[in-house]
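**Student:** The sequence and its predicted three-dimensional model are supplied below.
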Amino acid sequence: MYACSPRWSNDWITINDLKTILSQLSDKIMPSPYGVSRVGINYGLHFTGGEPFLNYSLLLEAVEIAKEHGIPSTFVETNSFWCMDPEKTIERLRELKEAGLDGILVSVNPFITEYIPFERIENNIISSFKVFGINTMIYQYEFYKQFKEANLRGLLKFEDYIRMYGVEGLEMVELIPMGRACYQLRHLFNKYPAHVFFRENCRSSLLREWHAHIDNYGNYMTGYCGGISLGDARKLDQLVEEGIELDDKPILEMLINKNLGELYKFVVKEFNYKEKVGGYISKCHLCLDMRRCIATRSRDYPELSPREYYQHLTSNKESSMPNI
Ligand code: SF4
């Protein structure tokens, strides 16, 4: 969804920005319904990336700042790349817990096992249960179960996963047809012509009150709409008080107040956008492809941020895998 890649610049969030953002977030975060020290995927505050353990000292400091501000239900989300040694894994998890972190989410899916040996993921899960107990989340558990039952060792290529489980293996879990999936996994989905999505409006996704993300540049993003910034989270109080300024954000304005058909007309007229011959897997695919066309041709439209997002959507060229 966020076009993560090792090819992004290493623009870590600054401590100053962290402090500015976390201080304004502190009175706006809903704790887990089970209490301020319990965690839940859509509650509290999570540190994520990319991969937050790539900069462990920054993560530790972020946890400490969140603790100082009394932010409830905090957890970190990780792909476990760093969990080679069980003792060192426990050591880091304990250090984070002592700094104030409430829990952890261990990511498990066939995209991660392409790069991270499954043993490291298992090591992390075992260690996390020892340190965080019930506040250990395995996301997504169905994949973990599949890999355990298959006695997976080492890496597993995504193509091999599909060979083993078929596309049905993916059907029981959440695979949101947005972001890079629109290009790299296009072959797995049914495709539709653009007009099918013209009446779609995204007001509720873009203005939703739960599970928002703030990136390292300070972009405030709701929904899972990578590459769309509602404003600068370093001025969050102002954003909440005065509302989103739409006058200089016509793309965002069309998505919130009009529909994808309006955006389509605009991008065809202003940027000579051509409909994809093979069709689109979802409304988000159409939306993203049009935004990508604009973002790669114009420096205007501040809502299309961060710009690097649009460069990292595909690893090289669009997937050449056959339809399944
Ligand atoms: S169509 Fe665009 S704005 Fe709407 S939910 Fe999808 S990515 Fe977000």
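**Tutor:** All right, it came through fine. These numbers come from a predicted model, not from an experiment. Numbering: from 1, shown residues only.

**Student:** Could you report the neighbour count for the residue lying closest to Leu152 once chain neighbours are set aside?
**Tutor:** Spatial nearest neighbour of Leu152, chain neighbours left out: Phe118 (4.5 Å); criterion: C-beta to C-beta, 6 or more residues apart in numbering. Yep, even glycine has a C-beta here, placed from its N, CA and C like the rest. A count of nearby residues for Phe118, using other C-beta atoms under 10 Å, gives 21.

**Student:** how near is Phe118 to the ligand?
**Tutor:** 31 Å (C-beta to the nearest ligand atom, to the nearest Å).

**Student:** Quick one: residues contacting the residue in the stretch 51-200 of the chain positioned nearest to the ligand.
**Tutor:** As assessed by C-beta to the nearest ligand atom, the ligand sits closest to Met178 within the stretch 51-200 of the chain, at 5.6 Å. By C-beta atoms under 8 Å, 6 or more residues apart in numbering, the contact list for Met178 reads Met1, Tyr224, Cys225, Gly226, Ser282, Cys284, His285, Leu288.

**Student:** What are the neighbouring residues in contact with the residue nearest to Leu152?
**Tutor:** Phe147, Leu152, Arg153, Gly154, Leu155, Leu156.

**Student:** isn't the fourth one right up against Glu122?
**Tutor:** Read that as Gly154. No. The criterion here is C-beta atoms under 8 Å, and Gly154 misses it with Glu122 at 11.8 Å.

**Student:** For the protein, which segments count as strands?
**Tutor:** 45-47, 74-78, 103-107, 136-139, 213-214, 220-221 (DSSP state E).

**Student:** Please name whichever of those is nearest to Cys202.
**Tutor:** Of all those, strand 220-221 sits nearest to Cys202, with 12.4 Å by C-beta to C-beta.

**Student:** more crowded one of Gly154 and Glu122?
**Tutor:** Set side by side, Gly154 and Glu122 show more neighbours around Glu122, with 20 against 9, by other C-beta under 10 Å.

**Student:** Quick check: residues of this protein near the ligand?
**Tutor:** Residues of the chain lying close to the ligand by C-beta under 6 Å from any ligand atom are Met178, Cys202, Ser205, Leu206, Gly223, Cys225, Ile228, Leu255, Lys283, Cys284, Cys287, Leu288.

**Student:** give me the number of residues near the fourth one?
**Tutor:** I take that to be Leu206. Neighbours of Leu206 under the rule other C-beta under 10 Å: 17.

**Student:** which residues touch it?
**Tutor:** Applying C-beta under 8 Å, 6+ apart to Leu206 gives the contacts Thr222, Gly223, Cys225, Ile228, Leu230, Leu252, Leu255, Ile256.

**Student:** circling back: adding distance to Lys130 as columns, could you present the contacts of Met178 in CSV?
**Tutor:** As requested, the contacts of Met178 are exported to CSV (distance: C-beta to C-beta, whole Å):
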residue, distance to Lys130
Met1, 31
Tyr224, 32
Cys225, 37
Gly226, 34
Ser282, 40
Cys284, 39
His285, 42
Leu288, 41
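
**Student:** most neighbours, which of the residues you listed?
**Tutor:** Leu288 (28 neighbours).

**Student:** Now for that one: which residues touch it?
**Tutor:** Leu288 makes contact with Met178, Gly179, Cys182, Gly227, Leu313 under the criterion C-beta under 8 Å, 6+ apart.

**Student:** Go through the residues you listed and flag which are in helices.
**Tutor:** The helices, defined by DSSP state H, take in Cys182 from those.

**Student:** about what we covered before: save the contacts of Leu206 as TSV, and put in distance to Gly103 too.
**Tutor:** Supplementary listing: these in TSV, determined by distance: C-beta to C-beta, whole Å:
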residue	distance to Gly103
Thr222	23
Gly223	24
Cys225	26
Ile228	29
Leu230	27
Leu252	33
Leu255	34
Ile256	34
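
**Student:** Name the member of those with the shortest distance to the ligand.
**Tutor:** Ranked by distance to the ligand (C-beta to the nearest ligand atom), the contacts of Leu206 are led by Cys225 at 3.2 Å.

**Student:** Torsion angles phi and psi at the closest one?
**Tutor:** Cys225 adopts backbone torsions of phi -80, psi 80, taken as degrees, to the nearest 10.
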